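Visitor: sequence and predicted model, in that order:
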Amino acid sequence: MCGVCGIYTKGTEKVSRKTLERMRDVMVNRGPDDAGIYIADHIGLGHRRLSIIDLSPAGHQPLSNEDRTIWLVFNGEIYNFIGLRKQLIRKGHIFRSGTDAEVLVHGYEEWGLDELLEKINGMFAFAIWDADKEICILVRDRVGVKPLFYLEVNGKVYFSSDIKSVWLAHNEDLQVNYEAMQHFLYSYCIPQEYSIFNGVKKVLPAHYIIFDKSKAISNNYWKLSFATKEIYNEEEFITATENNLKAAVKRRMISDVPLGAFLSGGVDSSLVVAMMAQLSDRPVKTFSIGFHEDSYNELKYARMVAEYYATEHHEFVVKPDALNILPEIVWSYGEPFADSSQIPTYYVAKMTREHVTVALTGDGGDESFAGYENIVAQYYGSKYRKLLPAVVRNNVLPAMANSLVAAVARRGFVSKVKTLTEFGRGEFCDSLENGGVFNHGYLKALYSEKFKSILSAHEPKDIYFKYGLAADGLDEVDKALFVDIKTRLPNDYLTKVDVATMMNSLEARSPFLDYKLVEFAAKIPSSVKVKHGQQKYLLKKLAAMLLPYDAVYRKKWGFGIPIGFWFRGRLQSVIKETLLSERALSRGYFSEAFVKQLIGEHVLGVKDHTHRLWTLLNLELWHQMFIDKVITANSSF
């Protein structure tokens, strides 16, 4: 795992070594073991290395072919590199190292870009400089595990694993993209189609971009389809799922450094640990996070699994003073980001790095095997849509549900009725409007009149509609899973894990994100994944064969923190002093009265605005750090 960066110049101006070094070295945590630079006509490549495969100096990057006409900087892992290396050696290619990165150089020579991308299985973001063709190629993995930002301006292309590199290369003088900011307020993260800075873009998952002197060509090299289904019985699906998952775990256990696993106590991470234990000849090292607040503490389930497989288990309990590291986290993300589980993810990565350099995770299981509540809502919503006439489901029942919510609040049976009317009205794409930290109504109340006019034509829900319309699934569950894989997964969860682990120079590997497993899961009928409305039905049947029953069949917990409690206690002053400061209010984005209302309602327990306040706090701290430059990563509350 590493950090890559570079500058491609279309004219005659030389690449500035000083700028390239600055871009590279802001990513030192991504690669503390080695650093390299290559500069030639039109190109400058920078690399920070975290040594995982072949720890020797032979793994130094930038890396070239024999005649130095092809150069590479690479971040990630190619899990099937050993087999590809053997193929390339048989074809006469000479390897100078045992790294997986070198397979990309010779594979590009031998097969060309498209065939190489068909062959590799991994997580990656890399850049290739082809000197003969004078082209610069940026490539990102299929599901978006590894990030890659770029800015094309004034005849140059700046690119990096870290948006801060691009910001620094542009003299810390990039303007805020207000549309991206609105997406952040809606979803507490920024979609792959946007970045917080005007002009800075992200290479989309499963895409590559070829830059030459006159143009940039982007191509989508992999597309996930839910259109065809396997015809198995339930037992056959369970066996096939187990085989595919075990193969994915095995591929991710190849390492020249110690490895372990995050163990939340949930089904996905527990299954990964179970299979690691089966494949390993020594106890698996496992790492878990807990809280003093019982409603957030999953440690007992993690311990249950750890004891079942006799793992070498480690735990850490997060306390309210954990927010002292928030400025460092804001700096590390580089963009506003407000999934509160960023805090425990940072701490579990920090603890894990004290023992190993690679950790396997359970990320991706929910997206492929229907683990989220919105998928169950889609399951029931589709039935509701089929059974009731449009006038009843679109008008009569929603009106009744709204009346019930007004009378008794949204809880219990009333909440279920309300959710059913939300997910069953209109067509499938209409259901994608549901949710949002600041939904349309809240945004309207939050924004100042001036800011409303700036963003009046922009709709953050359009990103979800785009993928909803592109989904080729056979029903609403299939389509919703596709939307999650294209939005929530790379925008939120993979960004969170990448940054939190890289802050600690730890490599995270996710077996559930193996593209072969993702493709197989897309071929499983939704009726098998969500049987009788049970989330993750099929995966739980497999888990029940390998894990303690109580660790499988229990209520799903999110990997969050009790920030809502803390905002009513010792952190109440932090939220008030930050969001209602003269500096924050002078930006002119938000209604002061409405921000005060959110804080007041939350502190008094009238409403739960945890996620809204956390989102606003992160946004303001980001502005103070990257726009005002009045706080740094070392600041404290």
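Guide: Perfect, I can see it now.
Visitor: from here on, contacts and neighbour counts on C-alpha atoms
Guide: Fine.
Visitor: low-confidence stretches in the protein?
Guide: For the chain, the stretches with pLDDT under 70 are 1, 292-297, 320-322, 392, 395-399, 401-415, 417-418, 556-560, 637.
Visitor: can you list the domains in it?
Guide: Following automatic domain parsing, one gets these domains for the chain: 2-220, 234-370+485-552, 373-483, 563-627.
Visitor: want to throw the ones you listed into TSV with distance to residue 633 and mean neighbour count?
Guide: Supplementary listing: the domains of the chain in TSV, determined by distance: least, Cα to Cα, whole Å; neighbours: other Cα atoms under 10 Å:
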stretch	distance to residue 633	mean neighbour count
domain 2-220	12	20
domain 234-370+485-552	4	20
domain 373-483	26	17
domain 563-627	8	17
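Visitor: nearest to residue 635, out of those domains?
Guide: Within these, the stretch nearest residue 635 is domain 234-370+485-552; the backing value is 6.2 Å (Cα to Cα).
Visitor: excluding chain neighbours, what is closest to residue 181?
Guide: In space, and not counting its chain neighbours, residue 181 is closest to residue 196: 6.5 Å by Cα to Cα, 6 or more residues apart in numbering.
Visitor: just to revisit the earlier point, now the domains of the chain as CSV including distance to residue 226?
Guide: As requested, the domains of the chain are exported to CSV (distance: least, Cα to Cα, whole Å):
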stretch, distance to residue 226
domain 2-220, 15
domain 234-370+485-552, 5
domain 373-483, 5
domain 563-627, 32
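Visitor: tell me which of those sits nearest to residue 227.
Guide: With respect to residue 227, and counting by Cα to Cα, the nearest of the domains of the chain is domain 373-483 at 5.2 Å.
Visitor: start and end of that closest one, how far apart?
Guide: 14 Å (Cα to Cα, to the nearest Å).
Visitor: now the helices: where do they sit in the stretch 351-500 of the chain?
Guide: If DSSP state H, counting those that start in this stretch is used as the criterion, the helices of the stretch 351-500 of the chain fall at 365-369, 373-387, 390-391, 397-408, 412-424, 428-431, 440-446, 449-454, 462-470, 476-486, 488, 495-502.
Visitor: please state the offset of the second one from the chain centre?
Guide: Averaging C-alpha coordinates over helix 373-387 and over its chain gives two centres that are 26 Å apart (Cα atoms, centre = their mean, to the nearest Å).
Visitor: could you do stretch 97-110 as well?
Guide: With Cα atoms, centre = their mean, you get 27 Å for stretch 97-110.
Visitor: do the same with stretch 584-598
Guide: Its chain's C-alpha centre and that of stretch 584-598 lie 30 Å apart, by Cα atoms, centre = their mean.
Visitor: neighbouring contacts of it?
Guide: Residues from elsewhere that reach stretch 584-598 (Cα atoms under 8 Å, 6 or more residues apart in numbering): 445-448, 450-451, 578-580, 609, 613, 620.
Visitor: nearest to residue 97 among those residues?
Guide: Taking those together and measuring to residue 97 by Cα to Cα, the closest member is residue 620, at 46.3 Å.
Visitor: quick check: the closest one is in a helix.
Guide: Yes: counting by DSSP: H, G, I helix; E, B strand; the rest coil, residue 620 is part of a helix.
Visitor: if we can go back for a sec, with respect to residue 636, which of the domains of the chain lies nearest?
Guide: Set against residue 636 and scored by Cα to Cα, the domains of the chain come closest in domain 234-370+485-552, at 5.6 Å.
Visitor: ends of the closest one, what's the gap?
Guide: 18 Å.
Visitor: repeat for stretch 204-223
Guide: Criterion Cα to Cα; first-to-last residue distance in stretch 204-223 is 12 Å.
Visitor: so residue 9 makes contact with residue 45?
Guide: No: Residue 9 lies out of contact with residue 45 (Cα atoms under 8 Å); the separation is 11.6 Å.
Visitor: coming back round to it: a markdown table for the contacts of stretch 584-598, including distance to residue 176?
Guide: A markdown table is the format used below for those (distance: Cα to Cα, whole Å):
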| residue | distance to residue 176 |
| --- | --- |
| 445 | 22 |
| 446 | 19 |
| 447 | 16 |
| 448 | 17 |
| 450 | 16 |
| 451 | 13 |
| 578 | 20 |
| 579 | 19 |
| 580 | 21 |
| 609 | 25 |
| 613 | 21 |
| 620 | 13 |
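Visitor: so for the protein, the centremost residue is which one?
Guide: For the chain, residue 494 is the residue whose C-alpha lies nearest the centre (Cα atoms, centre = their mean; 1.8 Å).
Visitor: return the residues in contact with it.
Guide: Here residue 494 is in contact with 144-146, 363 (Cα under 8 Å, 6+ apart).
Visitor: quick check: next helix or strand after whichever helix or strand residue 261 is part of?
Guide: Here residue 261, judged by DSSP states H and E, is contained in strand 259-262. Using DSSP H and E, the helix or strand that follows strand 259-262 towards the C-terminus is helix 267-279.
Visitor: convert that following helix to CSV, retaining C-alpha atoms only.
Guide: C-alpha atoms of helix 267-279 as CSV (Å, rounded to 0.1, in the frame of the first residue of the first chain):
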residue,chain,number,x,y,z
VAL,A,267,-21.4,-11.3,10.5
ASP,A,268,-19.1,-10.1,7.7
SER,A,269,-15.9,-9.6,9.7
SER,A,270,-16.6,-12.7,11.7
LEU,A,271,-16.9,-14.8,8.6
VAL,A,272,-13.6,-13.4,7.3
VAL,A,273,-11.9,-14.4,10.6
ALA,A,274,-13.5,-17.8,10.5
MET,A,275,-12.0,-18.5,7.1
MET,A,276,-8.7,-17.0,8.0
ALA,A,277,-8.6,-19.4,10.9
GLN,A,278,-9.3,-22.3,8.6
LEU,A,279,-6.6,-21.3,6.2
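Visitor: what packs against the next helix or strand after that helix?
Guide: Per DSSP H and E, the first helix or strand lying C-terminal to helix 267-279 is strand 285-291. When contacts are defined as 3 or more Cα pairs under 8 Å, 6 or more residues apart in numbering; DSSP states H and E, strand 285-291 sits against strand 259-262, helix 299-308, strand 312-318, helix 342-353.
Visitor: list the strands paired with strand 285-291, with their directions.
Guide: strand 259-262 (parallel), strand 312-318 (parallel) (DSSP bridges).
Visitor: turn these into CSV, columns for distance to residue 241.
Guide: Output for those, formatted as CSV (distance: least, Cα to Cα, whole Å):
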stretch, distance to residue 241
strand 259-262, 20
strand 312-318, 27
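Visitor: among the ones you listed, which is nearest residue 502?
Guide: Residue 502 lies closest to strand 259-262 among the strands paired with strand 285-291, at 14.8 Å (Cα to Cα).
Visitor: what sits up against the closest one?
Guide: Contact with strand 259-262 is made by 253, 269, 272-273, 284-288, 348, 352, 356-362, as judged by Cα under 8 Å, 6+ apart.
Visitor: if you set the cut-off to 7 Å instead, what comes out?
Guide: With Cα atoms under 7 Å, 6 or more residues apart in numbering as the test, strand 259-262 has contacts from 269, 273, 284-288, 356-361.
Visitor: stretch 525-542 now?
Guide: For stretch 525-542, contacts defined as Cα under 7 Å, 6+ apart pick out 229, 238, 369-372, 376, 379, 477-478, 552.
Visitor: before we move on, what about stretch 181-193?
Guide: 180, 196, 202, 204, 336-339, 436-439, 460, 487, 491-492, 615.
Visitor: one more time with 8 Å, if that's ok
Guide: Stretch 181-193 has contacts (Cα under 8 Å, 6+ apart) with 180, 196, 201-204, 335-339, 436-439, 460, 463, 487, 490-492, 612, 615-616.
Visitor: for the helices and strands packed on strand 285-291, give me a markdown table that also has distance to residue 111.
Guide: Shown next, in a markdown table, are these (distance: least, Cα to Cα, whole Å):
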| stretch | distance to residue 111 |
| --- | --- |
| strand 259-262 | 33 |
| helix 299-308 | 45 |
| strand 312-318 | 43 |
| helix 342-353 | 37 |
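Visitor: next, residue 44: phi, psi?
Guide: Main-chain torsions, residue 44, degrees, to the nearest 10: phi -140, psi 130.
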